[in-house]
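In: Compute the structure for the input listed below.
(3 chains)
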Amino acid sequence: MPELPEVETTRLALAPHLEGQRLAMVQIRVPKLRQPTPAAELLQGRTVLRLFRRAKYILATLDDDYTLLIHLGMSGRFSVFPHTGGAHTPTQLTKYPHPPLAKHDHAILTTGLAELRFNDPRRFGLLLRIPTHALHTHPLLQNLGPEPLDAGFTGAVLQAALRGKTTAIKPTLMNNTVVVGVGNIYASESLFAAGINPSVAAGELSKTQCTRLVASIKKVLQQALATGGSTLRDFRHPTGEAGHFQDEFRVYDRAGEPCHTCGTAILQATHAQRSTYWCPVCQK
DNA sequence: ACCCCGACCTGAGGGC
DNA sequence: TGCCCTCAGGTCGGGG
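Out: Predicted structure coming up:
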C-alpha cells in the first residue's frame, strides 16, 4: 500500500488524534513484525508531543525522550475509531463499544479522543521504540537520501546521486539512498511524466533529464497527495475513505491498455523483481 | 563498493 | 469446491 503519499495521508489523519494526547491504553498483540515490537507498558501513559514523517516512516515523539517509529510495510494501515462524547479514562473507554478487533490488528493505541488500530496482514511493517537523541544515527534512518518534496531535491542533486550507476533508472528511483518515498507505483508514473524509458542506465541520464525527472516526481507525488493517495486492494485512509490517485494512473497496472497520450499499448517488464510499466513511444 | 536475489508474510485471483 | 501457482504499494542481509 504505502509510498510517500499514502504514508503522509496516514500521518495527517492520525496527527489530530495523537499530537498532545496521552496514550491512555496501549495493546500490542503481536510479538514481532519485521522486528520485535516494544512492550505495551513502555508506551502506555506517554504523551505524543509531535507526529512527523521521514521517508516512509511515521515518527511519534514521546514525552519520555523516546520516539515511536512506525512503518506500514506493504500491507499496513491504520483505522481510527473516534470516541463520542468527550474525554474518557481507560475504564470509561470500554463503555464505548468500537467494532470487534479484526484479524491482524497488531497494535491498538487509545487516547482520550480515539482508538487507533494498526492492521498489517503481511507483517512487513515495523513498530520500534528508539531513544530520541539517537534517532538520526539509527541504522534505519541515517543513510536515507533527500525528501523528494523538499526544495533541496534538485536535478543537480539527483544527477550527483546517479553518477556511475549502471542499474536501470526505475529500480534506482526506489533506492532510499538516492531519494526516499518513491515506491513501485510512483517510480513508473514519474518516469512516464518525464518521458524517460525505465530501462535507461541511471548514470546515463542527462542533466536535462534529471531536472525533468525531479520535477515529475514532485508533481506526481503532490498530485497523489492531493487525491489522498492510491487505493489498490485494501489501502484505506484511517477514516475508512479510499484514495483516488489510482484513477490518475498513466501506466501503472495498465499493461496492454492504450497510452492516454498516444494510444500505444502500455508495456510491462520486471526490474529487480518488481513490475515496471511504460509507454514505448512516449518514453525514450 | 556495488548489484542482485532470496527472504520475510498473508491473501486474492486465475487456471485446471 | 479445492489446490496450486503467481502476484502484491517494502526492505534487509548475504553472497557474487
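
In: And stretch A:214-233, how far out from the chain middle?
Out: For stretch A:214-233, the separation from the chain centroid amounts to 11 Å (computed by CA atoms, centre = their mean, to the nearest Å).

In: is that stretch anywhere near DNA strand C?
Out: Yes. Using CB under 7 Å from any atom of the strand, stretch A:214-233 comes into contact with DNA strand C via A:229, A:230, A:231, A:232, A:233. From N, CA and C alone the C-beta is placed, and that goes for glycine too.

In: which residues does the second one contact?
Out: Counting by CB atoms under 8 Å, 6 or more residues apart in numbering, residue A:230 makes contact with A:3, A:5, A:6, A:185, A:224, A:243, A:245, A:246, A:249.

In: just to revisit the earlier point, need the residues of stretch A:214-233 next to DNA strand C in a markdown table with distance to residue A:50, secondary structure and pLDDT, can you?
Out: A markdown table is the format used below for these (distance: CB to CB, whole Å; DSSP: H, G, I helix; E, B strand; the rest coil; pLDDT from 0 to 100):
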| residue | distance to residue A:50 | secondary structure | pLDDT |
| --- | --- | --- | --- |
| A:229 | 22 | coil | 90 |
| A:230 | 27 | coil | 91 |
| A:231 | 28 | coil | 87 |
| A:232 | 30 | coil | 85 |
| A:233 | 31 | coil | 74 |
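
In: In ChimeraX, how would I select just the buried ones from these?
Out: When burial is assessed using 16 or more other CB atoms under 10 Å, the buried subset of those is captured in ChimeraX by this command:
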select /A:229,230,231,232
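
In: Chain neighbours aside, what residue packs nearest to the residue of chain A found nearest DNA strand C?
Out: Closest approach between chain A and DNA strand C, counting by CB to the nearest atom of the strand: residue A:183, at 2.0 Å. Leaving aside its chain neighbours, residue A:183 sits nearest to residue A:3 (3.7 Å; criterion: CB to CB, 6 or more residues apart in numbering).

In: same check, this time on residue A:184
Out: Among residues not flanking residue A:184 along the chain, residue A:274 sits closest, at 5.1 Å (CB to CB, 6+ apart).

In: any idea which element residue A:223 lies in?
Out: Element membership for residue A:223, per DSSP states H and E: helix A:207-226.
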